[in-house]
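K.L.:
need coordinates for the below:
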Amino acid sequence: MHEMSLMGGVFEVIEQTLSQHEVTRVLQVKLKVGELTNAEPDALQMVFEAFCKDTICEGAELIVERVPVRGRCRNCQLEFTVETMFFLCPKCQNTSIEVIQGEELLLESLEVE
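P.N.:
Below you'll find the predicted structure:
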């Protein structure tokens, strides 16, 4: 389950962020998760709860915003949403596509007390 290592990275950022502020409790954690991470929201939720146990994050709500895959054709420069895992430019049919969105795992925001 690679969600465990992904969430480990998220919690490193959370801990670093919280160390710079006086926080008594985390109420909400919002993540942006790219489709290409192959992270399952249910698995992320389960791992999040495990990481939160006995911390100031315990009881916090996890919100996962899925980010679609977007590509840019290296031939005609068209930017488009990739609908399938077959990366093909819808304009010129080129297969040389640069991924410009969909690989990210970002801590979007924390709501705290």
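K.L.:
so Asp42 is in which element?
P.N.:
Following DSSP states H and E, one finds Asp42 within helix 41-52.
K.L.:
same question, Glu12
P.N.:
Assigned by DSSP H and E, Glu12 falls in helix 3-18.
K.L.:
same for that helix, what does it pack against?
P.N.:
Here helix 3-18 touches strand 26-34, helix 41-52, strand 105-112, going by 3 or more C-beta pairs under 8 Å, 6 or more residues apart in numbering; DSSP states H and E. From N, CA and C alone the C-beta is placed, and that goes for glycine too.
K.L.:
deepest-packed of those, please.
P.N.:
Highest mean neighbour count among those (mean count of other C-beta atoms under 10 Å): strand 26-34, with a mean of 18.
K.L.:
residues contacting Thr81?
P.N.:
With contacts defined as C-beta atoms under 8 Å, 6 or more residues apart in numbering, the neighbours of Thr81 are 68-70.
K.L.:
of those, which is the most crowded?
P.N.:
Neighbours here mean other C-beta atoms under 10 Å. Within these, the largest count is held by Val69, at 20 neighbours.
K.L.:
the helix holding Glu12 vs strand 105-112, what angle?
P.N.:
In terms of direction (axes from the mean of the first three to the mean of the last three C-alpha atoms, to 10 degrees), helix 3-18 departs from strand 105-112 by 50 degrees.
K.L.:
turn the contacts of Thr81 into JSON lines, columns for distance to Pro90 and secondary structure.
P.N.:
JSON lines is the format used below for those (distance: C-beta to C-beta, whole Å; DSSP: H, G, I helix; E, B strand; the rest coil):
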{"residue": "Pro68", "distance to Pro90": "15", "secondary structure": "coil"}
{"residue": "Val69", "distance to Pro90": "13", "secondary structure": "coil"}
{"residue": "Arg70", "distance to Pro90": "12", "secondary structure": "strand"}
